[in-house]
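Enquirer: Provided below for reference: sequence and predicted model.
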Amino acid sequence: MTRLVPRAAAGAVLLTLTAALAAPPAVADVVRERQWALTALRAEEAWGTTRGEGVTVAVLDTGVDATHPDLDGQVLEGADLIGTGATRGERNWARHGTAMAGIIAGHGHGPNRRQGVIGIAPAARILPVRVILEEGDPGRAKARETKGGALAEGIRWAADHGADVINLSLGDDSASAHHEAAEDEAVQYALAKGVVVVASAGNGGENGDHASYPASYPGVIAVTAVDRRGRKAPFSTRSWYATVCAPGVDVVIADPDRAYYEGWGTSAAAAFVSGAAALVRSAHPDLSPAQIKKLLADTASTPPPGGRDDARGHGLVDPVAALRAAEALRPQPALPQAASYPRTYFGPGPEPVPASGRRSALPVRVAAGAGLALLVLAAVPGRRRTRDRVG
């Protein structure tokens with residue numbers, strides 16, 4: 001079993017590949033027949049509205065093979081923020097990133113494009129940003145030491161270079177995972193620019209369900225994984241930040257070696273939701289990231305009892321329902337706008353205080369008492385609460 005382990009730091013296994021699929025080029029495409037996730041997400045029905053035209057999805061990953069026949073013509077000029085490690089043509093180059101790009105925007109190949117992988121948003125464009133190396137890359141350890149800020153830099157770069165959606169099928173869900181201010185700030189920067197940010201929830205479901213970053217950052221659409229029956233995948237992390245779920249078991253993916261594999265992981269689930277977000281953004285380009293996040297949550301199918309749980313979020317992402325519900329929404333700005341107060345002052349102000357007489361004594365005493373109360377109350381917050389850090 002071959003493992004691909006994109007991670008922002010140690011401990012995040014987000015996609016594992018199993019056996020390659022045999023797909024004789026001259027017969028009915030076995031690969032397309034195995035893409036059960038397209039049926040589960042009602043992709044054909046969604047494509048009656050949009051196929052993701054005009055939308056750019058940034059894939060922050062190990063790189064993307066722009067020459068793959070299922071992605072030919074879809075991949076824009078991106079950035080390599082690592083600068084070391086495997087190069088094009090080597091086995092440890094762009095495997096995971098190509099797989100994610102195919103799930104999002106693959107368009108197949110061959111006669112009538114009936115062969116190969118087709119993505120959930122096959123007309124979307126891919127903006128590749130290399131921010132991590134493959135697990136088997138000999139330069140990975142060094143890159144983690146010298147390029148630790150690549151993820152934060154990549155998020156900002158993508159937001160500044162035309163991304164409408166940022167796919168983060170990566171993360172750190174190890175026991176030592178923790179908040180990184182630079183990454184959080186980069187996410188908020190992207191959201192403020194109107195960019196939707198999607199991340200995998202983590203594969204720690206059998207290893208303690210540690211919080212994963214960047215999935216934990218505010219505003220991110222965090223995605224857990226389910227199987228063909230809609231059940232939570234055992235490996236998928238349960239957490240408070242789960243927004244929706246998507247297929248993450250037996251997912252067919254493309255590889256730079258031109259073979260196709262079946263893999264599992266919340267990486268794949270996040271890629272499907274990034275594609276769903278691309279469809280919504282294509283049909284409704286003025287919706288804010290917060291609106292799209294809420295829309296995907298509100299329209300998710302098969303919601304858990306009570307409407308949400310930590311295993312599946314609000315339910316299985318449903319692009320068709322989201323596109324329909326979006327018709328009734330009025331676009332909102334990416335950042336909330338402060339409402340002006342209708343009057344210059346909150347009131348007429350205090351009544352004039354008489355210069356002399358018994359009448360003035362009570363207000364003075366009250367004012368003095370209020371001043372004491374303010375001093376006492378101001379002293380109370382000095383007992384600061386300590387913050388517990390998980391991990």
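Expert: Nice, thanks for sending it over. Numbering: from 1, shown residues only.
Enquirer: from residue 216, how far off is residue 179?
Expert: 7 Å (CB to CB, to the nearest Å). C-betas here are computed from N, CA, C, even on glycine.
Enquirer: out of these two, which sits in the busier spot?
Expert: residue 216 (24 against 14; other CB atoms under 10 Å).
Enquirer: from residue 211, how far out is the residue lying closest to the more buried one once chain neighbours are set aside?
Expert: Using CB to CB, 6 or more residues apart in numbering and skipping the chain neighbours, the partner closest in space to residue 216 is residue 241 (5.2 Å). Between residue 241 and residue 211 the computed distance is 7 Å (CB to CB).
Enquirer: ok, residue 189 next?
Expert: Relative to residue 211, and taking CB to CB, residue 189 is found at 22 Å.
Enquirer: more neighbours: which of these two?
Expert: residue 211 (23 against 15).
Enquirer: was I right about the more buried one contacting residue 173?
Expert: Yes. Using CB atoms under 8 Å, residue 211 is in contact with residue 173, at 7.1 Å.
Enquirer: find residues that contact each of those two.
Expert: residue 202 (CB atoms under 8 Å, 6 or more residues apart in numbering).
Enquirer: what about the helices in the stretch 151-300 of the chain?
Expert: Ranges of helices in the stretch 151-300 of the chain, per DSSP state H, counting those that start in this stretch, are 181-192, 266-283, 289-298.
Enquirer: same list as before, the ones you listed that is, but in JSON lines and with mean pLDDT included.
Expert: Shown next, in JSON lines, are these (pLDDT from 0 to 100):
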{"stretch": "helix 181-192", "mean pLDDT": "98"}
{"stretch": "helix 266-283", "mean pLDDT": "98"}
{"stretch": "helix 289-298", "mean pLDDT": "98"}
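Enquirer: just name the most buried of the ones you listed.
Expert: helix 266-283 (a mean of 31; mean count of other CB atoms under 10 Å).
Enquirer: helices and strands around it, which ones?
Expert: Contact here means 3 or more CB pairs under 8 Å, 6 or more residues apart in numbering; DSSP states H and E; on that basis helix 266-283 packs against strand 56-61, helix 95-105, strand 165-168, strand 196-200, strand 221-226, strand 242-247, helix 289-298, helix 319-326.
Enquirer: how close does residue 316 sit to residue 206?
Expert: Look at residue 316 and residue 206: by CB to CB, they are 22 Å apart.
Enquirer: ok, residue 257 next?
Expert: On the measure of CB to CB, residue 257 and residue 206 end up 29 Å apart.
Enquirer: ok, residue 282 next?
Expert: 37 Å.
Enquirer: check residue 111 too.
Expert: For residue 111, the distance to residue 206 - CB to CB - is 43 Å.
Enquirer: between the two, which is the more surrounded one?
Expert: When neighbours are counted by other CB under 10 Å, residue 206 comes out ahead of the other of residue 111 and residue 206, with 11 against 7.
Enquirer: isn't the more buried one up against residue 233?
Expert: No. Residue 206 lies out of contact with residue 233 (CB under 8 Å); the separation is 9.9 Å.
Enquirer: what do these two both touch?
Expert: By CB under 8 Å, 6+ apart, no residue touches both residue 206 and residue 233.
Enquirer: does residue 273 really touch residue 198, like I thought?
Expert: Yes. Counting by CB under 8 Å, residue 198 is a contact partner of residue 273 at 5.2 Å.
Enquirer: understood, closing this out.
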